[in-house]
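In: got a structure for you, letters missing:
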């Protein structure tokens, strides 16, 4: 069976489409109203085990961190609705103050 240029073109386009669909499934989706925070941005002040997450503010100052699709409460106002952030904690003397401060800048008060 012989294939023409058009058949080859359609096949290549289909492969690219499937490839991009597979890659997008691996990249976590950004929660609405959030910003990405990374360990490299905070250096030694980074209090978490993971290297990055999505930070947002909800309602009256509830700071929430999303890591791999799971939401965690960073401060008291978020603690009644989300899993405790201690699950991600390094267990060192590093405090969450800089992360909370950054999250509060996202609040529209």
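Out: Nice, I can see it. Nothing here was measured: the structure is a model prediction, and the numbers come from that model.

In: what sits against residue 74?
Out: 55, 63, 64, 65, 85, 96, 99, 100, 103 (Cβ atoms under 8 Å, 6 or more residues apart in numbering). For the C-beta atoms, the positions are set from N, CA and C on the backbone; glycine is no exception.

In: how about the nearest residue to it, chain neighbours excluded?
Out: With sequence-adjacent residues excluded and distances taken as Cβ to Cβ, 6 or more residues apart in numbering, residue 74 is closest to residue 63, at 4.0 Å.

In: cool, residue 106 as well?
Out: Using Cβ to Cβ, 6+ apart, the nearest residue to residue 106 is residue 57, at 4.1 Å.

In: Look at that neighbour and report its pLDDT.
Out: Looking at residue 57, its pLDDT reads 97.

In: same thing with residue 1?
Out: Reported pLDDT for residue 1: 57.

In: What of residue 16?
Out: On the pLDDT scale, residue 16 gets 49.

In: For the residue nearest to residue 106, list the residues it contacts.
Out: Contacts of residue 57 (Cβ under 8 Å, 6+ apart): 33, 63, 64, 103, 104, 106, 107, 108.

In: what residues are up against residue 40?
Out: Applying Cβ under 8 Å, 6+ apart to residue 40 gives the contacts residue 51.

In: how far is stretch 100-109 from where the chain is centred?
Out: Distance of stretch 100-109 from the chain centroid (Cα atoms, centre = their mean, to the nearest Å) equals 17 Å.

In: Then stretch 50-64?
Out: 9 Å.
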